[in-house]
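In: Below are the sequence and a predicted model for it; my questions follow.
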Amino acid sequence: QVQLVEAGGGLVQTGGSLRLSCAASGPYFRSYAMGWFRQAPGKEREFVAAISWNNASTYYTDSVKGRFTISRDNAKNTVYLQMNSLKPEDTAVYYCAADRPPYSDYVAGMAEYDYWGQGTQVTVSS
């Protein structure tokens with residue numbers, strides 16, 4: 001069983017930045033596609049960003065394009081989400097998720113991911 005542990009959340013003002021990290025246990029991290037999702041109060045969990053197992057491709061939901069950057073360090077078993085120019089509407093619990101091979105083409109689908117972290121709270125004040 002893979003464990004994913006998120007860190008880096010917190011309270012930040014509008015326009016500020018945060019970097020989330022997600023550390024994975026086990027020896028197979030480099031074979032997983034990774035994603036970030038978020039869930040705001042009273043809303044459904046939604047896709048934020050994803051990165052392929054080999055770093056070749058990244059994907060973003062439209063609302064974060066140009067502001068967020070997903071990256072991974074396979075040597076550290078860690079995926080990151082750099083969040084810049086934060087807005088109050090980015091306030092949510094952020095979750096990382098891992099997709100084992102065979103990989104899904106639908107990177108935004110929650111059901112495609114096999115492992116989930118416990119989440120980290122991001123609050124953006126106006």
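Out: That came through, no problem.
In: Just the pLDDT at Gln82, thanks.
Out: For Gln82, the model assigns a pLDDT of 98.
In: and the residue nearest the centre of the chain, bridged to which residues?
Out: In the chain, the centroid-proximal residue (Cα atoms, centre = their mean) is Trp36; its distance is 2.1 Å. Trp36 has these beta-bridge partners by DSSP bridges: Ala49, Cys96.
In: ok, it - contacts?
Out: Trp36 makes contacts with Leu20, Cys22, Val48, Ala49, Ala50, Ile70, Val79, Leu81, Tyr94, Tyr95, Cys96, Ala97, as judged by Cβ atoms under 8 Å, 6 or more residues apart in numbering. In this view, the C-beta of every residue, glycine as well, is placed from N, C-alpha and C.
In: could you pull out the strands for the chain?
Out: For the chain, the strands defined by DSSP state E occupy 4-7, 10-13, 18-24, 33-39, 46-51, 58-60, 68-73, 78-83, 92-99, 115-116, 120-125.
In: Give me the distance from the fourth one to the chain's centre.
Out: Here strand 33-39 is found 4 Å from its chain centre; the criterion is Cα atoms, centre = their mean, to the nearest Å.
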